[in-house]
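Undergrad: heads up, no residue letters with this:
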């Protein structure tokens, strides 16, 4: 099984992905929300292989139709050809078509399951038809179907295992009813069971590796988006989120509020208490700011050094001074000693700006307005909030 470097986990923030990696997934199941995300990842990852497998299956079964017509007695192919042409090939054709239909993508895995089951049962039927007419066909065809389902059909392990168990049961029932040679029954059953054990084992480890890849990709994505010290989003991720939120606000005719936040006299704090003490303060401030990003479209980020940003989606204008003061006070009431500050304790300054997309405004205009409001707050003595709302005097 794939192993992940413990250092990677140590650098990641708490998340469902990290929890899954720590607790393991021997039963190939995540929490419901994470499982849903994995299923989408599984479909997207294996889409090209699934389409290739569907096309290959249609081609091969069409070839078997030609072989049936040219090599089997009419009493046999009159039954086997309709199974291949009327059941197996259409099932794969429909599944292949569904793979190109975005709106039906959520049902694609079930379509693959049904196609695999029909293929297995249809193949058992073909072998049974020939056996009933004293023209036994090689049973190895059903072995190939089992391996196809485990390794090529892009099914999740539990689905592949259940489908092959049903096919195995139907094969054993067919053999007991139509195969007069008990020795052949025993050998065929033993080979089928062995093939399923081998296939199921290999398929299990493949899916385990796929799940590990899914978690590692998510963790790496989180590392790329988050600041390593504070756990908040980094500047690059924030800029991406801001552009997305700006477009949504434009569509919904809403406004955005951006708070630019600076830790007062942070260089003096670092000089007096050392970098380790400065790091602890940044983490504390980050945790406090993050608690004020309560709604799904709100986001808190470390913008650089001792500077943070907090984006609120469409709050009421009259609430902005109170929201800013609430955040400023959340740091002040902790009364963390700061010998480099005139107040003697740690404080922050905030610049808040509200803008509604339109009239040629861009997200950069919102950033610039918040930055200018923060500059005025610092010029006015720090430990204060300056609000920039169009039409209002700061």
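TA: Right, received. Where do you want to start? As the structure is a computational prediction, the values presented were derived from the model and not from experiment.
Undergrad: pLDDT value on residue 3, please?
TA: Confidence at residue 3, expressed as pLDDT, is 62.
Undergrad: oh, that last question was meant for residue 118, not what I typed.
TA: 95.
Undergrad: domain assignment for the protein?
TA: 6-223, 235-388 (automatic domain parsing).
Undergrad: quick check, pLDDT for residue 391.
TA: Residue 391 is given a pLDDT of 58.
Undergrad: for residue 229, find the nearest of the domains of the chain.
TA: Evaluated over the domains of the chain, closeness to residue 229 peaks at domain 235-388, with 6.0 Å, by C-beta to C-beta. Where C-beta positions appear, they are placed from N, C-alpha and C, glycine not excepted.
Undergrad: lowest-confidence helix or strand of this structure?
TA: Between all helices and strands in the chain, the lowest mean by mean pLDDT, DSSP states H and E belongs to helix 6-10, at a mean of 67.
Undergrad: ok so, going back, can I get the domains of the chain in CSV with distance to residue 229 and mean neighbour count?
TA: Listed next are the domains of the chain as CSV, based on distance: least, C-beta to C-beta, whole Å; neighbours: other C-beta atoms under 10 Å:
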stretch, distance to residue 229, mean neighbour count
domain 6-223, 11, 17
domain 235-388, 6, 18
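Undergrad: now residue 136: closest residue in space that isn't a chain neighbour?
TA: Once flanking residues are discounted, residue 136 sits nearest to residue 130: 6.0 Å by C-beta to C-beta, 6 or more residues apart in numbering.
Undergrad: that neighbour and residue 76 touch, don't they?
TA: Yes. Contact status for residue 130 versus residue 76: in contact at 5.3 Å, counting by C-beta atoms under 8 Å.
Undergrad: which pLDDT value goes with residue 333?
TA: 93.
Undergrad: for the remainder of this discussion, apply numbering that starts at 38.
TA: Fine by me, first position is 38 from now on; the one you just mentioned is residue 370.
Undergrad: list the contacts for it?
TA: Listed by C-beta atoms under 8 Å, 6 or more residues apart in numbering, the contact set of residue 370 is empty.
Undergrad: what separation is there between it and residue 149?
TA: Taking C-beta to C-beta, to the nearest Å as the measure, residue 370 and residue 149 are separated by 58 Å.
Undergrad: and residue 95, by the same measure?
TA: Distance, residue 95 to residue 149, using C-beta to C-beta: 14 Å.
Undergrad: also residue 250?
TA: Distance from residue 250 to residue 149, by C-beta to C-beta: 20 Å.
Undergrad: residue 368 now?
TA: Separation of residue 368 from residue 149 (C-beta to C-beta) stands at 54 Å.
Undergrad: outside of the one helix or strand residue 72 maps to, which residues touch it?
TA: Following DSSP states H and E, one finds residue 72 within helix 69-82. For helix 69-82, the external contacting residues (C-beta under 8 Å, 6+ apart) are 53-54, 57, 66-67, 87, 142, 145-146, 191, 193, 247-248, 251, 254.
Undergrad: could I get the average pLDDT for it?
TA: pLDDT averaged over helix 69-82 gives 91.
Undergrad: for the residue lying closest to residue 292 once chain neighbours are set aside, list the residues it contacts.
TA: Spatially, and ignoring its direct neighbours in sequence, residue 292 is nearest to residue 393 (4.1 Å; C-beta to C-beta, 6+ apart). Contacts for residue 393 (C-beta under 8 Å, 6+ apart) come out as 286, 290, 291, 292, 293.
Undergrad: apply 10 Å and report the result again.
TA: Going by C-beta atoms under 10 Å, 6 or more residues apart in numbering, residue 393 touches 286, 287, 290, 291, 292, 293, 351, 403, 427.
Undergrad: dump the residue contacts of residue 177.
TA: Contacts for residue 177 (C-beta under 10 Å, 6+ apart) come out as 164, 225, 228, 232.
Undergrad: quick one: which of the residues you listed sit in helices?
TA: Counting by DSSP state H, the contacts of residue 177 place 164, 225, 228, 232 in helices.
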